[in-house]
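*Asks:* I would like to see how this sequence folds:
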Amino acid sequence: MKTTVFKEKHEQMGGKMVPFAGYYMPVQFEGVTAEHETVRNVLGVFDVSHMGEFWVEGPKALELIQWVSSNDASVLHDGKVQYTCFPNDKGGIVDDFLVYRFNEEKYLLVVNASNIEKDFDWLNKQNADIGAKLTNASGEISQLAVQGPLALKAMQKLTDENLEEMPFFTFKEMPFAGVENVIVSITGYTGSDGCEIYVRNEDALKVYEAVLEAGEECGIKPIGLAARDTLRLEAGLCLYGNDIDETTSPIEAGLGWVTKFSKDFVNRDNLLKQKEEGVSRRLVGFELLEKGISRKDYQIVDENGQSIGKVTSGTMSPTLKKPIGMGYVNKPHTKAGTIIYIQIRGKAFKAQVVKLPFYKKP
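*Replies:* Modelled structure (predicted):
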C-alpha cells in the first residue's frame, strides 16, 4: 500500500485511514457531514496526492494530446487548464483528466489515482507513431486541494500573486509558502471556490503546515475522501469507476461539451454517430421523494417495475438535506421531472429526474 507524505500528519490529526486506489488515505477526520459543511461554509484542505501527473513535452506534445483527448487543446493558452477525457477505441472512456498548458511544448496531464498505470500505458500506445516525450511524475508530486468560500482569501497570505483575481481554470507557477515553483490552479472537485496546489514531495509537508496555519483564523480543517465524494456528487461531477468507465461513452455521460468534433481523435467517428443519431441511455441526476439512500448498482425501474437503468452514485446530500443520486436511464426517462423508482432492498422508492448540478454555489 502506497502512502502520501502526509500520512503521519493525517494520523496525528485523527484521520481514519483506509486503502483507496492503492494508497493509504484518510476517509474522514471529524465526520462526513461536519467536513462537508466546513467546505461549503468556510474552507477545508484535502490531500489528493494520490492523483497522477504526466508531463507531455516536445514539438509533438500538442499533436499527441489532440489525438488522445476528446476536447480541443489547441484553444489553450499558457496558464490555462482544460477538463477532458481519453475516449477508448470501443466507445467508452479510459479516464477523465485535466490538461495544463505551460507553453506550446510543455503540458501537464492530471489523471485519476486508480488509473495511473492504465493511462500511462494508453498514452504510450497512442504515442508510438507520434513521438512526444512522456514522463510519469506521479511519484514525485504531492497535491493539496483547498476548497470553500474562504479558500482563496486564506491562501492569499502565502503568496504575492493575486489568487483572488485569477480566473477559474487558470494556473500559475509561483513562490508559495516560502517554496519556489509551486503550481497553484483555480480548480477543484467540490462545486465550491478554491485552488489546487502541486508541490514537490520534499517541500510538501512545509506547504501543508503553512496552509493549515494560514487558514486557521478562517476555520480550516482537514477533509477526508468521504466528504470529497458527497461534495462532488452535489456538484454533479462524475466519478471515474462509478459514473463513467470503459463502457460509458462521453455522449451518454453528458460530456458532449468536452467532445469537440472539429478535430480528429481516438474513436471520433463512432462518437459523432452517437451525437447525430442519439443514444439509448443517458446519465441523469435524481432526487428521492421518499426516505432512502441509493447506492451504486441499485436498479432503476419504471412504474411497472420494469428495469430502465442503474444507479452509479448516491448519497444523502448534507447541504440539501435530501437523498440524491446519479444513474443511467433509458432515453424515454431522461427528461427533468420524470418519475422513476429506485430498488432499495427489494422495495421501489419513488424518485424524480432533476437537472444537474444539485448544488450551485451562491
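*Asks:* For stretch 25-33, what does the pLDDT average out to?
*Replies:* Over the span of stretch 25-33, the pLDDT mean works out to 98.
*Asks:* An error on my part: the question was meant for stretch 318-337.
*Replies:* Per-residue scores along stretch 318-337 average to 98.
*Asks:* Which positions within that stretch qualify as buried?
*Replies:* Pro318, Thr319, Pro323, Ile324, Gly325, Met326, Gly327, Tyr328, Val329, His333, Thr334 (16 or more other Cβ atoms under 10 Å). (Each C-beta comes from the backbone N, C-alpha and C, glycine too.)
*Asks:* Output those in a markdown table; the columns should cover distance to Pro26 and secondary structure.
*Replies:* Converted to a markdown table, the buried residues of stretch 318-337 look like this (distance: Cβ to Cβ, whole Å; DSSP: H, G, I helix; E, B strand; the rest coil):
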| residue | distance to Pro26 | secondary structure |
| --- | --- | --- |
| Pro318 | 18 | coil |
| Thr319 | 22 | coil |
| Pro323 | 25 | strand |
| Ile324 | 24 | strand |
| Gly325 | 25 | strand |
| Met326 | 25 | strand |
| Gly327 | 28 | strand |
| Tyr328 | 31 | strand |
| Val329 | 34 | strand |
| His333 | 38 | helix |
| Thr334 | 37 | coil |
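*Asks:* so which of those residues comes closest to Phe358?
*Replies:* Ile324 (5.1 Å; Cβ to Cβ).
*Asks:* Test my guess that Gln147 contacts Ile186.
*Replies:* No - using Cβ atoms under 8 Å, Gln147 is not in contact with Ile186, being 11.1 Å away.
*Asks:* Compare neighbour counts for the two and give me the winner.
*Replies:* When neighbours are counted by other Cβ atoms under 10 Å, Gln147 comes out ahead of the other of Gln147 and Ile186, with 28 against 21.
*Asks:* What pLDDT is listed against the more buried one?
*Replies:* Reported pLDDT for Gln147: 98.
*Asks:* Angles on the backbone of the spatially closest residue to it that is not a sequence neighbour, please.
*Replies:* In this structure, Gln147 finds its nearest non-sequential neighbour in Gly194, 3.5 Å apart by Cβ to Cβ, 6 or more residues apart in numbering. The phi and psi values for Gly194, taken as degrees, to the nearest 10, are phi 150, psi -170.
*Asks:* neighbours around Gly194, how many?
*Replies:* 27.
*Asks:* if I pick it, what's in contact with it?
*Replies:* Contact analysis of Gly194 by Cβ atoms under 8 Å, 6 or more residues apart in numbering lists Leu43, Ala145, Val146, Gln147, Gly148, Ala151, Leu152, Ile186, Gly188.
*Asks:* same thing with Ala113?
*Replies:* Ala113 neighbours (Cβ under 8 Å, 6+ apart): Phe20, Ala21, Gly22, Tyr23, His50, Met51, Gly52.
*Asks:* mind redoing it with 6 Å?
*Replies:* With contact set as Cβ atoms under 6 Å, 6 or more residues apart in numbering, Ala113 has these partners: Ala21, His50, Met51.
*Asks:* for Gln66, same thing?
*Replies:* Ala73, Lys263.
*Asks:* what's the helix or strand for it?
*Replies:* helix 61-68 (DSSP states H and E).
*Asks:* Of all the residues in that helix, which ones are buried?
*Replies:* Ala61, Leu62, Glu63, Leu64, Ile65, Gln66, Trp67, Val68.
*Asks:* In TSV: these, plus pLDDT and distance to Val5.
*Replies:* Below are these laid out as TSV (pLDDT from 0 to 100; distance: Cβ to Cβ, whole Å):
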residue	pLDDT	distance to Val5
Ala61	99	29
Leu62	98	32
Glu63	98	35
Leu64	99	30
Ile65	99	29
Gln66	99	34
Trp67	98	34
Val68	98	30
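*Asks:* Can you tell me the SS state at the spatially most central residue of the chain?
*Replies:* In the chain, the C-alpha nearest the mean C-alpha coordinate belongs to Tyr189, at 4.9 Å (Cα atoms, centre = their mean). Secondary structure, DSSP: H, G, I helix; E, B strand; the rest coil: Tyr189 is coil.
*Asks:* pretty sure it contacts Glu234?
*Replies:* No - under the criterion of Cβ atoms under 6 Å, Tyr189 is not in contact with Glu234, lying 11.3 Å apart.
*Asks:* For the residue sitting furthest away from the middle of the chain, what are phi and psi?
*Replies:* Within the chain, Asn304 marks the point farthest from the mean C-alpha position, 35.8 Å out by Cα atoms, centre = their mean. Main-chain dihedrals, Asn304, degrees, to the nearest 10: phi -100, psi 0.
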